[in-house]
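Trainee: Next comes the sequence, and after it the predicted model I'd like to discuss.
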Amino acid sequence: MFSYRNLARASRPAASRFFSVAPRVRAGAAPDMGKPYTNAMGHTPQTVSDEGAVMGKTTFTEVMDEVDMTWGRDDDPKHVEKQNTKIRHFTINFGPQHPAAHGVLRLILELHGEEIVRSDPHVGLLHRGTEKLIESKTYMQALPYFDRLDYVSMMTNELVFALAVEKLLNVEVPLRGKYIRTMFGEITRVLNHCMSVLTHIMDVGGLTPFLWGFEEREKLMEFYERVSGARLHAAYVRPGGVSQDLPAGLLDDIYMWATQFGDRIDEVEELCTDNRIWKARTQDVGVVTADDALNYSLSGVMLRGSGVPFDIRRSQPYDAYNLVDFDIAVGYNGDCYDRYLCRMTEFRQSLRIIEQCINDMPEGPVKVEDFKISPPSRSLMKEDMEALIHHFLLFTKGYAVPAGETYTAIEAPKGEMAVYVVADGSERPYRCKIRAPGFAHLGAFDHICRGNLLADAVAIIGTMDLVFGEVDR
């Protein structure tokens, strides 16, 4: 006994795109045996036994004889109804608990079918009043707040504030301190790009590079811990230099890591750069022209990926960037794929800078030898009473900064990170305005997303490299 129901169901995947199967008799609901059952086409597709069991046709050809061949014609009401179907207009919430939001991002998306018509980012869910808190702290006490802004690029945040205070104080950092800052600035760039690129790949379906990259990221966080005692919030870069010199053996370990990290970059590129799925999800997605990038104040990779070769490390060099050689990675198409290639190139350029810093780093002090700005060493405090007094006053009262104002910017991993500091001559800043690159990038999100599909919004968020500690502040 072979059921016609099962045979029609088995054949439907191949035929359902073009045909609709005619009505059939349900098992157990036998019609009157005196009148042969006919379907809507006037045929008798099956016979029914006395027990009511359905006995179907035995070949696919016989089954197809019973198929309704009128589907798809212009006079078919089903076809006309399908042609007149309208694409619905949706308004949906994306986040703030979405795993691809990379933080507490909430988007209100207006969709025409799956096409994004408008997007409205809602920010402020991680607002902590950082700028106001800084006004009530001394310049030394305000520094750790910058670690908590972009909590993936800690030392670069500290650096921008330290440079601003040094400019107001008119002090010069020793050369060894500059090289250490530059080296750890590039280590921080690699840390950030590991998080950015690999989570971007994971968001569109590639898990393997994420697992590979975080093994390398763990080594870099160990370097953080060895030099400052903390894996994340280091508070290592301070006005006047760095808190302490490098421990013995650290430079050798950083050099050993740098020699093999290039192979890890090659492995990720072999897996993704020519991968057809990765290219389909990123090429011609989130396109930003050079004019739009400038008009929306985009910076960093978001600007260079559109063909604008602007890098503050080259145009306004700070620390030891004028003493090292590196190339600027510039894209052409301004899409997610070009920005991915820019970040992969920056991995290799950071390794070049780190190697030059290790080879060219001189001996000498790592911070200014003015105890009113930088604290004395612990060994000196045990021998000199005056050094102990300086240390006590520095961490309780702080140091007075001459009245003035400054805008200081650096090339952070995400873009142009800047502070506008106003000093009134006291030990506390009168105003500290923080310019976070992610805030400007999120402001262009609506413009970038329009015309893309809903699934592309995840790829665009990933390529923007958003961290909401700095966006919401």
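Mentor: Looks like it arrived, so ask away.
Trainee: Got the domain ranges for the chain?
Mentor: Domain ranges of the chain: 4-83, 106-170+173-367+402-472, per automatic domain parsing.
Trainee: Would you mind finding the most buried of the ones you listed?
Mentor: domain 106-170+173-367+402-472 (a mean of 19; mean count of other CB atoms under 10 Å). Yep, even glycine has a C-beta here, placed from its N, CA and C like the rest.
Trainee: What distance separates the opening and closing residues of stretch 328-345?
Mentor: From its first residue to its last, stretch 328-345 covers 9 Å (CA to CA, to the nearest Å).
Trainee: what's the answer for stretch 350-370, then?
Mentor: 32 Å.
Trainee: Could I get the average pLDDT for it?
Mentor: Stretch 350-370 carries an average pLDDT of 89.
Trainee: could you dump the domains of the chain to CSV with distance to P99?
Mentor: Below are the domains of the chain laid out as CSV (distance: least, CB to CB, whole Å):
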stretch, distance to P99
domain 4-83, 33
domain 106-170+173-367+402-472, 8
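Trainee: Tell me which of these lies nearest to I389.
Mentor: domain 106-170+173-367+402-472 (16.0 Å; CB to CB).
Trainee: since we're on R378, how many residues are nearby?
Mentor: R378: 10 surrounding residues under other CB atoms under 10 Å.
Trainee: try the one 3 residues further on
Mentor: By other CB under 10 Å, the residues close to M381 number 17.
Trainee: And for the one 5 residues further on?
Mentor: Counted with other CB under 10 Å, the burial measure for E386 works out to 11 neighbours.
Trainee: for the chain, what are the low-confidence residue spans?
Mentor: Residue ranges of the chain with pLDDT under 70: 1-85.
Trainee: So which residues of it form strands?
Mentor: Taking DSSP state E, the strands of the chain run over residues 20-21, 47-48, 54-55, 67-68, 89-94, 106-112, 115-122, 237-238, 241-242, 404-412, 415-423, 429-435.
Trainee: Reformat these as TSV; add distance to R264.
Mentor: Listed next are those as TSV, based on distance: least, CB to CB, whole Å:
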stretch	distance to R264
strand 20-21	55
strand 47-48	69
strand 54-55	63
strand 67-68	57
strand 89-94	32
strand 106-112	33
strand 115-122	34
strand 237-238	26
strand 241-242	28
strand 404-412	23
strand 415-423	25
strand 429-435	33
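Trainee: And those strands: which comes nearest E383?
Mentor: Using CB to CB, those put strand 241-242 closest to E383, at 21.7 Å.
Trainee: Can you name every helix or strand that the closest one contacts?
Mentor: helix 175-203 (3 or more CB pairs under 8 Å, 6 or more residues apart in numbering; DSSP states H and E).
Trainee: angle of the helix it packs on against strand 404-412?
Mentor: Angle between the axes of helix 175-203 and strand 404-412 is 50 degrees (criterion: axes from the mean of the first three to the mean of the last three CA atoms, to 10 degrees).
Trainee: ok now helix 175-203, how far from the chain's centre?
Mentor: Taking CA atoms, centre = their mean, to the nearest Å, one finds helix 175-203 lying 14 Å from the centre of the chain it belongs to.
Trainee: what do you get for stretch 122-138?
Mentor: So, by CA atoms, centre = their mean, the centroid of stretch 122-138 is 22 Å from its chain's centroid.
Trainee: For it, C-alpha coordinates in CSV please.
Mentor: What follows is stretch 122-138, C-alpha atoms only, in CSV (Å, rounded to 0.1, in the frame of the first residue of the first chain):
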residue,chain,number,x,y,z
HIS,A,122,19.8,56.2,20.4
VAL,A,123,22.9,56.8,22.5
GLY,A,124,23.5,57.7,26.2
LEU,A,125,22.8,54.3,27.8
LEU,A,126,26.4,54.2,29.0
HIS,A,127,26.7,57.9,29.9
ARG,A,128,28.6,58.3,33.2
GLY,A,129,29.3,62.1,33.2
THR,A,130,33.0,61.6,32.6
GLU,A,131,33.7,65.2,31.6
LYS,A,132,32.0,66.6,34.7
LEU,A,133,33.8,64.1,37.0
ILE,A,134,37.2,65.2,35.6
GLU,A,135,36.4,68.8,36.6
SER,A,136,36.3,67.8,40.2
LYS,A,137,39.6,65.9,40.2
THR,A,138,43.3,66.9,40.0
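Trainee: So what touches that stretch?
Mentor: 96, 103-108, 142, 145, 148-149, 397-399, 427-434, 439, 442, 468-469, 471-473 (CB atoms under 8 Å, 6 or more residues apart in numbering).
Trainee: Check stretch 340-359 too.
Mentor: 179-180, 182-183, 186-187, 189-190, 193, 196-197, 200, 251, 254-255, 258, 261-262, 265, 268-269, 272-273, 282, 301, 304-305, 320-321, 324-327, 329-331, 463.
Trainee: go on, stretch 442-456?
Mentor: Here stretch 442-456 has contacts from 105, 107, 109, 111, 114-121, 123, 281, 285-288, 292, 296-298, 457, 460-461, 464, 466, 471, using CB under 8 Å, 6+ apart.
Trainee: got the end-to-end distance for that stretch?
Mentor: End-to-end distance of stretch 442-456 (CA to CA): 15 Å.
Trainee: let's have the chain start at 54 instead
Mentor: Sure, I'll start numbering at 54, so the last one becomes stretch 495-509.
Trainee: starting at the chain centroid, how far to it?
Mentor: That offset, for stretch 495-509, works out to 15 Å (CA atoms, centre = their mean).
Trainee: Ok, stretch 202-210 next?
Mentor: The answer for stretch 202-210 is 14 Å, by CA atoms, centre = their mean.
Trainee: Kindly format the C-alpha coordinates of it as PDB.
Mentor: The C-alpha coordinates for stretch 202-210 follow below in PDB (Å, rounded to 0.1, in the frame of the first residue of the first chain):
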ATOM      1  CA  LEU A 202      36.500  55.600  27.700                       C
ATOM      2  CA  ASP A 203      37.600  53.400  24.900                       C
ATOM      3  CA  TYR A 204      38.200  50.300  27.100                       C
ATOM      4  CA  VAL A 205      39.800  48.500  24.100                       C
ATOM      5  CA  SER A 206      42.500  51.200  23.500                       C
ATOM      6  CA  MET A 207      43.500  52.200  27.000                       C
ATOM      7  CA  MET A 208      47.000  53.700  26.600                       C
ATOM      8  CA  THR A 209      46.100  55.800  23.600                       C
ATOM      9  CA  ASN A 210      43.400  57.400  25.700                       C
END
